[in-house]
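>>> output the structure for:
(2 chains)
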Amino acid sequence: NAGVTQTPKFQVLKTGQSMTLQCAQDMNHNSMYWYRQDPGMGLRLIYYSASEGTTDKGEVPNGYNVSRLNKREFSLRLESAAPSQTSVYFCATEDPSGDTQYFGPGTRLTVL
Amino acid sequence: GEDVEQSLFLSVREGDSSVINCTYTDSSSTYLYWYKQEPGAGLQLLTYIFSNMDMKQDQRLTVLLNKKDKHLSLRIADTQTGDSAIYFCAEREGGTALIFGKGTTLSVSS
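The predicted structure is shown next:
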């Protein structure tokens, strides 16, 4: 039981490159989330998915797209990376009671 | 809009109690959370409290909630060096997203 896994752990991109951050969960949870964490800023919600096939924007969605193709996986895509997207990205799932969110270990992204 | 405020730093000696404070603005919050983040790691849920509770105790952790003042605190008894981390307060917004504070860095010296 791995919980929430994220790949890659680290990534360096050049401005304008694209990439997809992967998140998978084996907890059979419906809701999944993508957050970004910046120094001194706490965590901010990028997108979330209440169930398979549905996605909604969070606080800071610009420059990102997401895909929830099945219950297990929720991916975050940067189509044209910018230095302002240098951050640590966390994926999370939520248990069905809605009490608790469980976080993955994070992806540390640097955009040069 | 919703906002969660925390002090940025706290320094204590090993064996002392630590108290980390948080204020929030959304009076409709149903749950309030404390997460711990160790260096280079993700967020670990420490504890949470329902908005209709005043206090919750879990081993060395005590959470106090003052709904009137919208104030939440986390007390760690007998603080150890392994407690050194960043602690995030969070509230639930309308049943969906968590709104996080900026985090309090707890430094424990021996």
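>>> the closest residue to A:Glu52 other than its chain neighbours in helix, strand or coil?
Of all residues not flanking A:Glu52 in the chain, A:Lys71 sits nearest, at 4.9 Å (Cβ to Cβ, 6 or more residues apart in numbering or on different chains). Backbone N, C-alpha and C define where each C-beta goes, glycine included. Per DSSP: H, G, I helix; E, B strand; the rest coil, the local secondary structure of A:Lys71 is coil.
>>> so what's A:Lys71 up against?
A:Asn28, A:Asn30, A:Ser51, A:Glu52 (Cβ atoms under 8 Å, 6 or more residues apart in numbering or on different chains).
>>> which helix or strand contains B:Thr47?
Per DSSP states H and E: B:Thr47 is located in strand B:43-50.
>>> partner strands of the strand or helix carrying B:Val19, with direction?
B:Val19 belongs to strand B:18-24 when assigned by DSSP H and E. With DSSP bridges as the test, strand B:18-24 is paired with strand B:4-6 (antiparallel), strand B:71-76 (antiparallel).
>>> nearest residue to residue 7 in space, please, no chain neighbours.
Using chain A here. Closest to A:Thr7 by Cβ to Cβ, 6+ apart is A:Gln22, at 4.7 Å.
>>> my question was about chain B
Using Cβ to Cβ, 6+ apart, the closest residue to B:Ser7 is B:Thr104 (5.6 Å).
>>> that neighbour contacts B:Ser11, correct?
No. With contacts counted by Cβ atoms under 8 Å, B:Thr104 stays clear of B:Ser11, the gap being 10.8 Å.
>>> my guess is B:Phe9 contacts B:Tyr87. True?
No. B:Phe9 is beyond contact range of B:Tyr87, at 11.0 Å (criterion: Cβ under 8 Å).
>>> shared neighbours of those two, anything?
In contact with both B:Phe9 and B:Tyr87: B:Thr104, using Cβ under 8 Å, 6+ apart.
>>> between the two, which one's more packed in?
B:Tyr87 (23 against 11; other Cβ atoms under 10 Å in any protein chain shown).
>>> one step back: lowest average confidence across the strands paired with strand B:18-24, which one?
Lowest mean pLDDT of the strands paired with strand B:18-24: strand B:4-6, a mean of 93.
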